[in-house]
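Asker: below are the sequence and a predicted model; questions follow.
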Amino acid sequence: MLALIAGAVDDRSARGIAAAVSRLVTAGTLPAGTRLPTVRDVARELGISPTTVSEAWRSLARAGAIQTRGRSGTFVAGPSVPRQRMRYAQLGGRVLSRDYSTGVPDYDLLPSLTDALRRIGDARLTTSYLDDAVLPTLEEVLRSRWPYPPEQLTVVDGAMDALDRVTGVVVRFGDHVLVEDPAFPPTLDLLETVGATVVGVPIDEHGLRPDALAAALSSCEPVAVYLQPRAHNPTGASMTQARADKLARVLAKHPGVTVIEDDHAGGIATAPPVSLGRRLPERTVHVVSFSKSHGPDLRLAAIGGPASVITAVADRRLLGPGWSSRLLQAVLVELLTDPATVRQVAAARDEYARRRTLLLDALEARGVTATGADGINIWMSVASQQVAMLTLAAHGIAVAPGAPFEVSPLDSDHVRITAGLVREDFDALADILAEAAGAPLRGSGPRTANHPRGWR
């Protein structure tokens, strides 16, 4: 066992040792239940300090790769994080009369699947288990809508499935990855579960700040940067093409970094589709979800980018689900090409924008700092997250706490409100939200679409 571990270690730092043991676990060379040598024995074999090995063991334990059982020793264990410890689990849970914590679309604004299913009929779309993962007609439609010409495309079961599978190809235990700060909690849960070292990068109203990205790239050697190009969850920020070009110029100096873009809002985003792939197509992976625009239960998202990543994702899926339902893919083709459905999605996009604007304007009139230039959410500053949520709960209103979105502490507390679910009584709701926000923040200038307030 000692010889096996020593032979796998080519970097004798704590991170290098943890990564080597992680590779042995992932490959099955060290199966679950295997008892590991003691820290002192490993340190002696490698000729290093026991402190370094202890640090490596702690990193592996945090990622769930190993488990210490007191005097019985340390054992290999499959990574498993209890649901209650995940950031995602902290976003909801209270059953209140008005739940604006969910981040889901208004189901009444989603297109009906009835006509699309009727047009498809009983089409037999699968002739072999080795058929292409993507229907040719869907791939044609996707390519016509993609923000840059992707080398390869595939379809998976939603945006988080896409991020999970791409992460499995790009990120290894101990790798540094850059993310927006704040970021989507399930993405942070995913990266922490695979043992990545997450580094937050501050954003402004146009997404990642180029200066902050450059500083983060220089401070570590990341393998990937994760970003939301538009309708950022939770702040509503969207990249302009000018900002994307600046970020691409920064990243051009770091050729080993893969860009992973999560366009989760898709067709309900008011900002146009933008991607760093226009400048860095050989290392940009772009994910487009259809959950918020066409229905969460379609369970479909498309991934486009370099063949080295997309092929690896598609090949790995052959050992599991194989492909995403071609029946649902055919439904999506119908929804994307039917003129009536296209108009309905456009109307939903306009309605979400109207709801956001009404609530933001009402909050601004009450001196509350909030952002939400795009998407279905509003990011509101509060004097105290706990007090705000308790105050709102007393009124039967649930919102999402801001803390799970933070990679590192922000300048103030926040809550996220799914404004897309607010249909009426905007002024009355704003009164309650202002009460929950605490001391009003006045005199900071008017909010505009290009210069919302409340950034770091």
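Answerer: Sure thing, it's come through.

Asker: from what I can see R15 touches H176, true?
Answerer: No: using CB atoms under 8 Å, R15 makes no contact with H176, being 9.3 Å away. Where C-beta positions appear, they are placed from N, C-alpha and C, glycine not excepted.

Asker: after the longest helix seen in the chain, which helix or strand is next?
Answerer: Assignment by DSSP state H gives helix 339-365 as the longest helix of the chain. With elements assigned by DSSP states H and E, the helix or strand that comes after helix 339-365 is strand 370-371.

Asker: mind giving me the packing neighbours of that following strand?
Answerer: Using 3 or more CB pairs under 8 Å, 6 or more residues apart in numbering; DSSP states H and E, the elements in contact with strand 370-371 are helix 339-365, strand 378-382.

Asker: low-confidence ranges, this protein, go.
Answerer: 78-85, 88-90, 92-95, 122-123, 439-456 (pLDDT under 70).

Asker: quick check: closest non-adjacent residue to D157.
Answerer: R299 (4.5 Å; CB to CB, 6 or more residues apart in numbering).

Asker: quickly note the distance from the one you found to D161.
Answerer: 8 Å (CB to CB, to the nearest Å).

Asker: related to what we said a few turns ago, now the helices and strands packed on strand 370-371 in a markdown table, with mean neighbour count and distance to P50?
Answerer: Listed next are the helices and strands packed on strand 370-371 as a markdown table, based on neighbours: other CB atoms under 10 Å; distance: least, CB to CB, whole Å:
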| stretch | mean neighbour count | distance to P50 |
| --- | --- | --- |
| helix 339-365 | 17 | 55 |
| strand 378-382 | 26 | 45 |
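
Asker: so which of those is nearest A330?
Answerer: helix 339-365 (13.8 Å; CB to CB).

Asker: list the helices and strands that closest one packs on?
Answerer: helix 291-294, helix 326-337, strand 370-371, strand 378-382, helix 426-437.

Asker: what do you get if the cut-off is 7 Å, keeping everything else the same?
Answerer: Here helix 339-365 touches strand 378-382, helix 426-437, going by 3 or more CB pairs under 7 Å, 6 or more residues apart in numbering; DSSP states H and E.

Asker: still on that earlier bit, who has more neighbours, R299 and D161?
Answerer: D161 (20 against 16; other CB atoms under 10 Å).

Asker: need the next SSE after the helix or strand hosting that one, C-terminal direction.
Answerer: Assigned by DSSP H and E, D161 falls within helix 159-170. Next in sequence after helix 159-170, counting helices and strands by DSSP H and E, comes strand 176-181.

Asker: which is the next helix or strand following the helix or strand containing R44?
Answerer: Taking DSSP H and E as the definition, one finds R44 inside helix 39-46. Later in the chain than helix 39-46, the nearest helix or strand by DSSP H and E is helix 50-62.

Asker: mind listing what's buried along the helix or strand just after that next one?
Answerer: Heading C-terminal from helix 50-62, the first helix or strand you meet, by DSSP H and E, is strand 66-68. For strand 66-68, burial by neighbour count (16 or more other CB atoms under 10 Å) applies to 66-67.

Asker: same for the helix or strand following strand 66-68, what does it pack against?
Answerer: As assigned by DSSP H and E, the chain's next helix or strand after strand 66-68 is strand 74-76. With contacts taken as 3+ CB pairs under 7 Å, 6+ apart, strand 74-76 sits against strand 66-68.

Asker: which residues touch the residue nearest to T418 when sequence neighbours are not counted?
Answerer: Spatial nearest neighbour of T418, excluding adjacent residues (CB to CB, 6+ apart): Y100 at 4.6 Å. Y100 makes contacts with 397-399, 417-418, 421-422, as judged by CB atoms under 7 Å, 6 or more residues apart in numbering.
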